[in-house]
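Enquirer: Here you go, sequence then predicted model.
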Amino acid sequence: MDVDQTRNASRIEEMPRLYWFYEGKLYRWLQAFIGYWGYTAGYDVYEFGDDISLDCVGERTVVMINHQSTADVPVMMAVLQNKGVTSRKTLWLMDVMFRWTPFGIVGRMHGDYFIQQGKATRDKEIGRLKRHLREVFWDRDRRWVLLFPEGGFYYKRVESSQK
């Protein structure tokens, strides 16, 4: 390989990193836009407790959020804005029903994961999630996995979770 071929090969290898860098910037702006909705409606977001940004911003972390209302996602997006690169290096796990919503389409392009809930698909989903984490989370240098562990609004699911 001559010098020009080596340079061209190096440029081609760098293109995905450059693409994901700018994609992350645009994704962060989208999160800021959605997070700003609460502020325009007159809500302020206050964080209290341990400052996870001191220990977790550059680390690979699983963030589990206690789902209380539909405002949780915009609030989380607002909170992510002061977490450095983490806001653009997130991977959201969400229900498959959101896949074709406007946020879901953006999430698919970003590499978020849409999970099919239920006992019938549980084993298959675990395998798909493992593969997705290897192919997207690690390869795209994501930092945080964001999920609502109860899979939605708990009060709607209490009866089914008792069976």
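Expert: Received the coordinates, thanks.

Enquirer: For the chain, name the helix or strand with the lowest mean pLDDT.
Expert: For the chain, scoring each helix and strand by mean pLDDT, DSSP states H and E identifies helix 154-161 as the least confident one, at a mean of 55.

Enquirer: and residue 56, how many neighbours?
Expert: Residue 56: 17 surrounding residues under other C-beta atoms under 10 Å. Where C-beta positions appear, they are placed from N, C-alpha and C, glycine not excepted.

Enquirer: For it, list the residues it contacts.
Expert: The neighbourhood of residue 56, defined by C-beta atoms under 8 Å, 6 or more residues apart in numbering, consists of 86, 144.

Enquirer: distance of it from residue 89?
Expert: According to C-beta to C-beta, to the nearest Å, residue 56 stands 12 Å off from residue 89.

Enquirer: shared neighbours, these two?
Expert: With C-beta under 8 Å, 6+ apart as the test, residue 56 and residue 89 both reach residue 144.

Enquirer: What helices and strands are in contact with the longest strand along the chain?
Expert: Scanning the chain for the strand with the most residues, using DSSP state E, yields strand 90-95. Of the remaining helices and strands, those touching strand 90-95 by 3 or more C-beta pairs under 8 Å, 6 or more residues apart in numbering; DSSP states H and E are helix 102-110, strand 113-115, strand 144-147.

Enquirer: now with 6 Å?
Expert: Packed against strand 90-95 by the contact rule (3 or more C-beta pairs under 6 Å, 6 or more residues apart in numbering; DSSP states H and E) you find strand 113-115, strand 144-147.

Enquirer: Done for today, thanks.
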